[in-house]
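**Student:** Need a 3D model of the sequence below.
(one chain, ligands or ions: 1)
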Amino acid sequence: MKIVVCVKAVPSSTEVRFDPVSHTIIRDGKQAVINPFDAAALECALRIRETAGAHVTTLSMGIPDTVRILRDTVARGADEAVLLSDRAFAGSDTLATSYALACAVRKTGVPDLLICGKMAVDGDTAQIGPELAAALGIPAVTNVKEILSVGEDRIGVIRESDDGEQEVSVCLPALITVVKSIVDPRMPSIAGIRAAEAAAVSVWTAEEIGADPERTGLAGSATQVVRTFSPERKKECVYIEGSAVEQADRLRALVEELS
Ligand SMILES: Cc1cc2nc3c(=O)[nH]c(=O)nc-3n(C[C@H](O)[C@H](O)[C@H](O)COP(=O)(O)OP(=O)(O)OC[C@H]3O[C@@H](n4cnc5c(N)ncnc54)[C@H](O)[C@@H]3O)c2cc1C
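**Tutor:** Numbering: from 1, shown residues only. Presented below is the predicted three-dimensional model:
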């Protein structure tokens, strides 16, 4: 069985910085970590490999420094890792990102199973998984909280929905997106870290995956960022003195003023 796990490098802090002129996100690879949902996705793939046998590839689109994150996935147990990195991908929205990921997946042949995190903790759209499945023409099951069975041509899962849980059996090839709590990711072993240092991460350009330049980067993005800003946070502290009754009156007046 072939499994591809989509992995995104996300900032280690929640602060996202924007370029004031282009309104694009400033990526600082040095502080990046693996998206926690993707660490869980990788763990799911490794557990399937342990029980059913599988070849696990991690795939990411990002800046060159994302190689560091992909080495970490090899240290955790992935068999190989692929990075899509090219200036042509800069400014991609989710449509252009999923298109590039789909081109890369097609290059090596659609695997039996694709696993994405439910969402990236920085972008937060949860669009990439379903978009990637649509681009590849395969079924998608989102919000998977448990994998029940993995057969040669079907996978059984439990997914969370707004109204409760659903047990779903889907034919392969398929894409699933997993919630963070599905499993606790393992930490890289010392042997794994050593192996990862020497591991070759394949780096593919837009041309190498046969991507249409009109469908990548800003050109391929259906959405355009008009303005980016951090919400202004105002803090004001008011001390209320006096008797309990005076304090209550003043507090009520303040609440009325603010509402
Ligand atoms: C209008 C717009 C403009 C943007 N402009 C820029 C920009 O200029 N520069 C920039 O860096 N970003 C930009 N982005 C952000 C970029 O599109 C997203 O980072 C990317 O598409 C993933 O979306 P997300 O973070 O919401 O992921 P989600 O859809 O929430 O992620 C779900 C899952 O998809 C997979 N996944 C997501 N992203 C990747 C990836 N890159 N590689 C592999 N797997 C992945 C992971 O498994 C992840 O858990 C822009 C987004 C929008 C909407």
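**Student:** Which residue is it, in this structure, that comes closest to the ligand?
**Tutor:** Proximity of the chain to the ligand (Cβ to the nearest ligand atom) peaks at Gly123, 1.8 Å away. The C-beta positions use only the backbone N, C-alpha and C, and glycine is treated the same way.
**Student:** any idea how far Ala253 is from Ala39?
**Tutor:** 50 Å (Cβ to Cβ, to the nearest Å).
**Student:** Those two: which has the busier surroundings?
**Tutor:** When neighbours are counted by other Cβ atoms under 10 Å, Ala253 and Ala39 differ, and Ala39 comes out ahead with 22 against 11.
**Student:** Arg186 is in contact with that one, correct?
**Tutor:** No - the pair Ala39 / Arg186 is not scored as a contact, 9.0 Å apart, by Cβ atoms under 8 Å.
**Student:** Mutual contacts of the two, please.
**Tutor:** Common contacts of Ala39 and Arg186 (Cβ atoms under 8 Å, 6 or more residues apart in numbering): Arg76.
**Student:** burial count for the residue of the chain closest to the ligand?
**Tutor:** 17.
**Student:** secondary structure element for it?
**Tutor:** Using DSSP states H and E, Gly123 falls within no helix or strand.
**Student:** Adjust the sequence numbering to begin at 47 for everything that follows.
**Tutor:** Happy to do that; since the first residue is 47 now, the last one works out to Gly169.
**Student:** need the contact list for it.
**Tutor:** With Cβ under 8 Å, 6+ apart, Gly169 has these contacts: 54, 140.
**Student:** roughly how far apart are it and Thr269?
**Tutor:** 12 Å.
**Student:** what's the answer for Ile161, then?
**Tutor:** Distance, Ile161 to Thr269, by Cβ to Cβ: 26 Å.
**Student:** so how many other residues sit close to the nearest residue to Arg273 once chain neighbours are set aside?
**Tutor:** Excluding the flanking residues, the one nearest Arg273 by Cβ to Cβ, 6 or more residues apart in numbering is His69, at 6.5 Å. For His69, the count of nearby residues is 14 (other Cβ under 10 Å).
**Student:** List the buried residues for stretch 97-108?
**Tutor:** Applying a neighbour-count criterion of 16 or more other Cβ atoms under 10 Å, one finds 100, 102-108 buried in stretch 97-108.
**Student:** do that stretch and the ligand meet at all?
**Tutor:** Yes - where contact is defined by Cβ under 6 Å from any ligand atom, part of stretch 97-108 touches the ligand, namely 105-108.
**Student:** my read: Gly163 touches Thr223, true?
**Tutor:** Yes - in terms of Cβ under 8 Å, Gly163 counts as a neighbour of Thr223; the distance is 6.4 Å.
**Student:** more neighbours, the two?
**Tutor:** For Gly163 versus Thr223, neighbours defined as other Cβ under 10 Å are more numerous around Gly163 (28 against 25).
**Student:** give me phi/psi at the more buried one?
**Tutor:** Dihedral pair for Gly163: phi -70, psi 160, per degrees, to the nearest 10.
**Student:** can you pull the contacts of it?
**Tutor:** Residues counted as contacts of Gly163 (Cβ under 8 Å, 6+ apart) are 52, 54, 81-84, 86-87, 175, 223-224, 226.
**Student:** of Ile161 and Thr269, who's got more company?
**Tutor:** Higher neighbour count among Ile161 and Thr269: Ile161, with 29 against 9, using other Cβ under 10 Å.
**Student:** Surely that one is within a strand?
**Tutor:** Yes - with DSSP: H, G, I helix; E, B strand; the rest coil as the criterion, Ile161 is part of a strand.
**Student:** Tell me how far it lies from Ile184.
**Tutor:** From Ile161 across to Ile184, the span is 13 Å (Cβ to Cβ).
**Student:** And for Ile201?
**Tutor:** With Cβ to Cβ as the criterion, Ile201 and Ile184 are 12 Å apart.
**Student:** Mutual contacts of those two, please.
**Tutor:** With contacts taken as Cβ under 8 Å, 6+ apart, the residues that reach both Ile201 and Ile184 are Ala220.
**Student:** For these two, indicate the residue with more neighbours.
**Tutor:** Ile201 (23 against 19).
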